[in-house]
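A.B. asks: No letters, just coordinates:
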């Protein structure tokens with residue numbers, strides 16, 4: 001193994017720089033390899049100046065930094081890339097060009113750090129002969145085969161801190177405060193932030209809710225003399241029998257973006273029950289800032305393990321955390337079934353036992 005490359009794709013997540021740093025240090029110091037950085041996801045293989053040499057100096061001091069020194073692109077699918085030709089937007093399959101560039105570079109392995117979308121692209125490239133190693137990254141914690149993805153813990157702590165802050169103003173003004181959180185179709189952030197932050201209602205995609213049940217919960221609190229309530233709401237949550245709420249529509253290439261469920265719930269609480277309600281959408285604050293100790297450690301372990309996996313020829317596979325051990329599984333297995341909150345699991349049972357409502361009863 002002489003020549004590696006690494007790229008980061010999809011949305012940014014705290015810990016990406018820790019992966020890059022660990023991969024570079026392991027490749028150079030343990031294996032004596034050269035390692036290239038690919039800028040802005042797979043787009044870097046197509047853009048002039050998108051590929052550069054990584055060194056120990058390049059990664060010095062980046063461990064505590066959020067984001068990624070390589071840049072990223074969550075709309076960079078080489079199999080369906082939007083381009084402008086003669087003033088007209090068209091969709092092109094540029095995968096063959098990328099494969100040719102990879103072959104020209106003589107890469108022994110390409111480490112791809114990303115969520116399910118990026119890893120699916122990596123798996124498709126692997127099936128076309130690219131020596132791919134996957135590293136799972138997402139604040140949503142929804143990648144199959146791994147107990148945790150890095151970025152999740154940092155996002156969770158940001159969400160918990162927001163709930164803590166909302167408590168004081170909610171209590172002072174006797175209001176219902178709704179915090180809308182990221183997570184796509186998985187409710188891990190909303191669930192665990194709600195548990196840790198003392199939310200009264202948690203709404204997640206895995207459990208459809210009814211406005212009437214939420215109102216009932218809030219009125220019970222008011223009857224006991226507690227005139228405020230906190231709702232931890234996942235962006236993918238939806239009322240029973242209704243579709244999810246989207247902030248933007250999708251098209252042939254881009255998937256629609258979730259957002260707005262907090263406002264919908266607030267509107268109904270105000271109109272149906274006369275409850276004074278405010279909404280905070282935490283948004284990209286969950287992605288930013290310095291990664292937690294857990295995310296730095298996990299990302300470092302993933303980055304180093306990815307290089308070792310490449311050296312052993314474990315292509316088409318992904319590093320993962322199972323229990324306390326770093327293992328590797330096939331990308332096909334990792335992508336087969338996305339992780340979701342177990343509605344009968346310990347976390348949900350605990351939440352119900354301490355009086356948290358999921359809006360379904």
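C.D. replies: Now that the structure is in, tell me what you want to look at. It should be emphasised that the depicted structure is a prediction, and the values quoted were computed from it without experimental measurement.
A.B. asks: can we go C-alpha only for contacts and neighbour counts from here?
C.D. replies: OK.
A.B. asks: which residues of the stretch 1-150 of the chain fall in helices?
C.D. replies: Along the stretch 1-150 of the chain, counting by DSSP state H, counting those that start in this stretch, helices occupy 16-31, 95-105, 116-127.
A.B. asks: Give me the angle between the lowest-mean-pLDDT helix or strand in the chain and helix 95-105.
C.D. replies: The helix or strand of the chain with the poorest confidence is strand 81-85; it has a mean of 80 (mean pLDDT, DSSP states H and E). Between strand 81-85 and helix 95-105, the angle comes out at 100 degrees (axes from the mean of the first three to the mean of the last three CA atoms, to 10 degrees).
A.B. asks: Could you pull out the buried residues of strand 81-85?
C.D. replies: For strand 81-85, burial by neighbour count (16 or more other CA atoms under 10 Å) applies to 81-82.
A.B. asks: other SSEs contacting it?
C.D. replies: Judged by 3 or more CA pairs under 8 Å, 6 or more residues apart in numbering; DSSP states H and E, strand 81-85 is in contact with strand 88-92.
A.B. asks: Nearest to residue 357, out of the helices of the stretch 1-150 of the chain?
C.D. replies: helix 116-127 (30.2 Å; CA to CA).
A.B. asks: quick revisit: make TSV out of the helices of the stretch 1-150 of the chain and add mean neighbour count.
C.D. replies: Below are these laid out as TSV (neighbours: other CA atoms under 10 Å):
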stretch	mean neighbour count
helix 16-31	23
helix 95-105	15
helix 116-127	21
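A.B. asks: export the ones you listed to CSV and tack on distance to residue 5 and mean pLDDT?
C.D. replies: Below are the helices of the stretch 1-150 of the chain laid out as CSV (distance: least, CA to CA, whole Å; pLDDT from 0 to 100):
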stretch, distance to residue 5, mean pLDDT
helix 16-31, 9, 98
helix 95-105, 9, 94
helix 116-127, 13, 96
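A.B. asks: Test my guess that residue 76 contacts residue 44.
C.D. replies: No: between residue 76 and residue 44 there is no contact under CA atoms under 8 Å: 9.6 Å.
A.B. asks: Switch the helices of the stretch 1-150 of the chain over to JSON lines; also include distance to residue 138.
C.D. replies: As requested, the helices of the stretch 1-150 of the chain are arranged in JSON lines below (distance: least, CA to CA, whole Å):
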{"stretch": "helix 16-31", "distance to residue 138": "10"}
{"stretch": "helix 95-105", "distance to residue 138": "24"}
{"stretch": "helix 116-127", "distance to residue 138": "8"}
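A.B. asks: Can you list the buried residues in the longest helix anywhere in the chain?
C.D. replies: With secondary structure taken from DSSP state H, the chain has its longest helix at helix 152-173. Neighbour-count burial for helix 152-173 flags 152-160, 162-164, 166-167, 170-171 (criterion: 16+ other CA under 10 Å).
A.B. asks: what's next to the helix or strand following that helix, contact-wise?
C.D. replies: The element immediately downstream of helix 152-173 (helix or strand, assigned by DSSP states H and E) is strand 176-181. Strand 176-181 has contacts (CA atoms under 8 Å, 6 or more residues apart in numbering) with 159, 162-163, 166, 170, 189-190, 228-235, 261-262, 266, 275-283.
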